[in-house]
Each structure stands twice: as structure tokens, then as C-alpha cells.
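**Student:** mind folding the following:
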Amino acid sequence: MSELLALGVSHKTAPLDLRERLSLTEGRAASALRELTSAPGIHEAAAISTCNRTELYLIVSDPVEAESTALGVLTRQAEIRPTELLGHLYSLRSEDAARHLLRVTAGLDSMIVGEAEVQGQVKRAYELALVEVPPGRSSTASSAPPSTAGGRARAETGISEKGVSIPSVAVELARRALGDLSDRRVLVVGAGETAELVARALVRRGVRTVFVANRHYDRAIGLAQRFGGSAVRFEDLPEQLKAADIVVTWRRSSALDMSRRDDSPR
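**Tutor:** Down below sits the predicted model:
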């Protein structure tokens, strides 16, 4: 008899630096799924990895053995010792695992309750899992993906009425503090998924001057071009910080830090 097993960490259980190390890009996620589904007793696997969580969902024959296998896969991918996850990792089974997945998809387990990005992230995780199902192995493709439940939650309740997300909340705080943002000079440090969401939210609020700094200059160029901004080389960051009205960056104590320069003449 098969059982659903969920294993992972989130913003509720692990600090940002640990979540970053456990984060699975699409390539790493595909590799992890192949390793998991090649293990005896693990029939199917899916991985959800965002800035706030990395979770594995498995259909297994033996939850205890599968949990040990999954832990090994996670720690090898992150190049950390299993003991570093003590007190941070959670494991859920059967109905508890299914309930947790539905809460995640609906935005109930997010840092900002009701945020919408996670539904798309769960849908992509589901699609990747279907691609990585081994030939001849049974699949949940015939059943409704979890994102369907997320869509119902948003359609049938008021949870997403304000369209909230971490980036949108941060930008709204900046608007309240500074007023009209259209003439503000914004520096985004980083070029990952959250940086892109922040840049999009800023442009929607009328920001016309966006600079993107990243250790990998080509990634800074790619993000800046999508929003009509300019890329900044990391070595030029000190000068750009002096000129910025708003700086968006990451820090270990919280997911997103959007600060203003009080000494700015603008």
C-alpha cells in the first residue's frame, strides 16, 4: 500500500541561509527527482522550491526508509551534513501531508498569507514531476494537480482579493514612506526570482529608473533589460548605493529588505 510523504523546510522552521543552501533550481530538482524515483519503494516524487521553502512530496511504500533516502538526497544536493537539519526539517504523512500541500498551494502557509506566486510554483513542480516519472511507472497525471485546489481557494474565498505578495507588500511600504515612486532611483541587489518579482512590482508602481546589481553580470543584464533598467557591476555597488533612493536586497534575518536613504536629496 502506498502512502504520501512530505519532507522539507520553510520560513517557519529554517533561517534564510539554510533555505538558500537547500534551494533546488529546476536542473537540481530534476536530478533529485530522478535519484529519488530510482530508489526502491519511492514510486513518484515532486519538489517545490521557492525562496521560502524546499519540500519533497513522495508516494512511497515504506515512509521510514523513504524519509532516510530523501534526507540523503537533500543533504547531498545542498552539500551539508544531515545533523544541520535537526530542528529545521519537518516530515508529514498521508492526510497531514496532503493537507499541508493544499495549504501551501492556497497561500495559507506563505510568509504573506494569500500570496499568489506559490500557486504557479506548485504547478511548475507538478509538471516537472510528470516529466521525471520513470517509464512504465504509475503517475498521478490523471488526478487534478494541487494548483487546482489553489485556484478554487482564490475563486471561492476572499483570500486573494488584494493580490498580496512579499514584493508587492515591500513596494507598498516604500510608496507609503516616499510617496510617488516614479522619480525614485531604485537599486535591486540580486537577479533571482524574487528580484524579478520586486522589479515588476516597482515598474507597475511607476518606477522608471531601476538598476540591477548581481555577482554574475550577465544575469544582471538579463533582468535589467526585461524592465528597461540598467545593469551594474558588483564592484561598482558602493557608488550605486550612494546614489539610490531605494535599495532592495536580502539579509539573513528576513526574506526581503527594502530600505530608503534618508539623506537622499530626491
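**Student:** residues making contact with the helix or strand harbouring residue 73?
**Tutor:** Taking DSSP states H and E as the criterion, residue 73 maps to helix 63-78. If you take C-beta atoms under 8 Å, 6 or more residues apart in numbering as the criterion, helix 63-78 is touched by 3, 5, 7, 21-22, 24, 28, 31-32, 35-36, 39, 41-42, 54, 56, 58, 60, 81-82, 84-85, 89, 91, 93. In short, each C-beta sits where N, CA and C put it, glycine included.
**Student:** buried members of these into ChimeraX, please.
**Tutor:** To isolate the buried ones among the contacts of helix 63-78 in ChimeraX, judged by 16 or more other C-beta atoms under 10 Å, type:
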select :5,7,21,22,24,31,32,35,36,39,42,54,56,58,60,85,89,91
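**Student:** go through the contacts of helix 63-78 and flag which are in strands.
**Tutor:** Members of the contacts of helix 63-78 lying in strands (criterion: DSSP state E): 3, 5, 7, 42, 54, 56, 58, 60, 91, 93.
**Student:** biggest separation within those, which pair?
**Tutor:** For the ones in strands among the contacts of helix 63-78, the maximum inter-member distance is 21.0 Å, found between 3 and 54 (C-beta to C-beta).
**Student:** how far does stretch 195-215 stretch from start to finish?
**Tutor:** 13 Å (C-alpha to C-alpha, to the nearest Å).
**Student:** swap that for stretch 82-93, sorry
**Tutor:** Rule used - C-alpha to C-alpha; the end-to-end distance of stretch 82-93 is 20 Å.
**Student:** which stretches of the stretch 101-250 of the chain form helices?
**Tutor:** Along the stretch 101-250 of the chain, the segments classed as helices by DSSP state H, counting those that start in this stretch run 117-131, 146-156, 166-178, 193-204, 217-226, 237-243.
**Student:** so which bits of the longest one are buried?
**Tutor:** In this case it means helix 117-131. Those would be 117-119, 121-123, 125-126, 128-129, for helix 117-131 by 16+ other C-beta under 10 Å.
**Student:** go on, the third one?
**Tutor:** Residues of helix 166-178 classed as buried: 166-171, 174-175 (neighbour count, 16+ other C-beta under 10 Å).
**Student:** let's have those in a markdown table, adding distance to residue 151.
**Tutor:** Below are the buried residues of helix 166-178 laid out as a markdown table (distance: C-beta to C-beta, whole Å):
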| residue | distance to residue 151 |
| --- | --- |
| 166 | 21 |
| 167 | 21 |
| 168 | 19 |
| 169 | 22 |
| 170 | 25 |
| 171 | 25 |
| 174 | 30 |
| 175 | 29 |
